[in-house]
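In: Any chance you could fold what I've pasted below:
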Amino acid sequence: MRVIVVGAGVVGTMHAWHAVERGHEVVQIERETEARGASLRNFGQIWVSGRAGGEELETALRARELWESIGARVPGLGFRAIGSLTPVRSELELAVAEAAVARPDAAARGYKLVTADEARRINPALRGAFTAALWCERDAAVEPRPAQLALKQALLASGRYTYLGGREIRDVVGEGSVRDDHGDVHTGDAVVLCPGAALSGLVRELVPDLPVRRVRLQMMQTDPLGEPLTTSVADADSFRYYPAYASEALDALNSGQDQTATAAVHKMQLLMVQRRDGGLTIGDTHEYEHPFAFDTVEDPYEHLTEVVESFLGRPLPTIRRRWAGVYAQCTDTGRVVHRQQVRDGVWLVTGPGGRGMTCSPAIAETTANELGW
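Out: Presented below is the predicted three-dimensional model:
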């Protein structure tokens, strides 16, 4: 079989991976020379802990297995089974963590409530003040900036993979055939369009009422911390944004403990993970209303700095990079992804939202299974 994959972000690249793994020939086409969208502008977290139950959790757990197995074969991914800690300070925050640990699927997620001293034994860099923490053993991390390049090199080594960068697909011209902006036609037994957040142009022509929205976020990265941050770290505001934490305790937190004004305005949570060079990737905000701003604003960075320093008990290293990114999210946020046959032999896969990095290997595996690869 010959498979045409359009888009070289993590979702598209994982589709290419599964097709090659099953013995097929793959041509992957990317409008940029190399992917540079949300797949590179995220935390690199394999974030099982916050996922909703049912299909979403099953997808995340399967993806976690796949990330680990692929990471063993492709060291450039930088896969690390580091887990995560969410320190809590107030009784309301603690109650949400306790409700999470009481979930029927808590063991599958690797949830455990730990004391502050136990949390510091797991992650000695957390020297600030907190009373307890939610430990999530199943969470992991990869390196988002080099991940696609590392996967591409592994795919090229198969001898069944061709990469075409700097080409934008303009038309579907027949069953399993697309035309790029160089005028070249690419024909396969299947075409999978993985456009990420690029939802205009051809995608809009194919699906005018696509039930997917775009979300913008701001993030930053620091100089090396100078010591290991042995887990990912979240703050209790993250409870407000992930469906796994829905409970009466969360309702009480939302009604009884306000976010800071900055966090509320920018719909913020803290997520933090250490890169292999020792720097910290820190975020994030959520912006839903279009048109998005073209610039970043400083208040969220000041808020994040304050929260991180309160957990570390020390000044944050110098911030070296600030950026914004945009990802695609199904308007029905309970859906893992939007997967649709849009023409004969052509499928569209987009909208995983903030779980794209986490779930992409399993999303692509499901596509491969459904298409009979």
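
In: what's the single longest helix in the chain?
Out: If you go by DSSP state H, the chain has its longest helix at helix 55-73.

In: Next secondary structure after that one?
Out: Counting by DSSP states H and E, the element after helix 55-73 in chain order, helix or strand, is strand 84-88.

In: can you pull out the helices in the stretch 1-150 of the chain?
Out: For the stretch 1-150 of the chain, the helices defined by DSSP state H, counting those that start in this stretch occupy 10-21, 55-73, 91-101, 106-109, 116-122, 144-156.

In: what's the angle between the last one and helix 10-21?
Out: Using axes from the mean of the first three to the mean of the last three CA atoms, to 10 degrees, the direction of helix 144-156 lies 20 degrees away from that of helix 10-21.

In: Kindly report the same for the third one.
Out: Here helix 91-101 runs at 20 degrees with respect to helix 10-21, directions being taken by the same axes, to 10 degrees.

In: The longest helix of the chain packs against which elements?
Out: strand 45-46, helix 106-109, strand 140-141, helix 356-371 (3 or more CB pairs under 8 Å, 6 or more residues apart in numbering; DSSP states H and E). For glycine as for every other residue, the C-beta is placed from the backbone atoms N, C-alpha and C.

In: Which one, of those, ends up nearest to Ala81?
Out: strand 140-141 (4.9 Å; CB to CB).

In: list the contacts for Asp181?
Out: 167-170 (CB atoms under 8 Å, 6 or more residues apart in numbering).

In: Now with 10 Å, please.
Out: Applying CB atoms under 10 Å, 6 or more residues apart in numbering to Asp181 gives the contacts 31, 166-171.

In: Looking at these, which is nearest Ala198?
Out: Distances from Ala198 to the contacts of Asp181, taken by CB to CB, are shortest for Arg31, at 7.3 Å.

In: Now the closest one. Nearest residue, chain neighbours left out?
Out: Glu168 (4.0 Å; CB to CB, 6 or more residues apart in numbering).

In: and that neighbour, how many residues sit next to it?
Out: 15 (other CB atoms under 10 Å).

In: cool, and Pro124?
Out: Count around Pro124 with other CB under 10 Å applied: 12.

In: from memory it sits against Pro228, does it?
Out: Yes. Assessed by CB atoms under 10 Å, Pro124 is found in contact with Pro228 at 7.9 Å.

In: now the end-to-end length of stretch 335-349.
Out: End-to-end distance for stretch 335-349, by CA to CA, to the nearest Å: 12 Å.

In: Show me which residues of that stretch are buried.
Out: Going by neighbour count (16 or more other CB atoms under 10 Å), the buried part of stretch 335-349 is 335-340, 342-343, 345-349.

In: Out of those, name the ones that lie in strands.
Out: Among the buried residues of stretch 335-349, the members falling in strands (DSSP state E) are 338-340, 342-343, 346-349.

In: Help me confirm that Ser255 comes into contact with Arg240.
Out: No. With contact defined as CB under 10 Å, Ser255 does not reach Arg240; the gap is 11.5 Å.

In: Those two: who's more crowded?
Out: Using other CB under 10 Å as the criterion, Ser255 and Arg240 rank with Arg240 on top: 19 against 9.

In: Run a quick neighbour tally on the spatially closest residue to that one that is not a sequence neighbour.
Out: Leaving aside its sequence neighbours, Arg240 sits nearest to Asn254 (CB to CB, 6+ apart; 6.4 Å). Other residues near Asn254 come to 14 when the count uses other CB under 10 Å.

In: Write the PyMOL selection for whichever of the contacts of Asp181 are buried.
Out: Here is the PyMOL command that picks out the buried ones among the contacts of Asp181, judged by 16+ other CB under 10 Å:
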select buried, resi 31+167+169
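
In: Could you identify the most distant pair in the ones in strands among the buried residues of stretch 335-349?
Out: His338 and Arg343 (15.6 Å).

In: still on that earlier bit, please identify the buried residues of the longest helix of the chain?
Out: 56-57, 59-64, 66-68, 70-71.

In: okay, the angle between that helix and helix 10-21?
Out: 60 degrees.

In: So for helix 55-73, mean pLDDT?
Out: Averaging pLDDT along helix 55-73 gives 97.

In: Take the ones in strands among the buried residues of stretch 335-349 and lay them out in JSON lines including distance to Glu370 and pLDDT.
Out: Output for these, formatted as JSON lines (distance: CB to CB, whole Å; pLDDT from 0 to 100):
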{"residue": "His338", "distance to Glu370": "14", "pLDDT": "98"}
{"residue": "Arg339", "distance to Glu370": "8", "pLDDT": "98"}
{"residue": "Gln340", "distance to Glu370": "11", "pLDDT": "97"}
{"residue": "Val342", "distance to Glu370": "14", "pLDDT": "97"}
{"residue": "Arg343", "distance to Glu370": "16", "pLDDT": "96"}
{"residue": "Val346", "distance to Glu370": "14", "pLDDT": "97"}
{"residue": "Trp347", "distance to Glu370": "9", "pLDDT": "98"}
{"residue": "Leu348", "distance to Glu370": "13", "pLDDT": "98"}
{"residue": "Val349", "distance to Glu370": "10", "pLDDT": "98"}
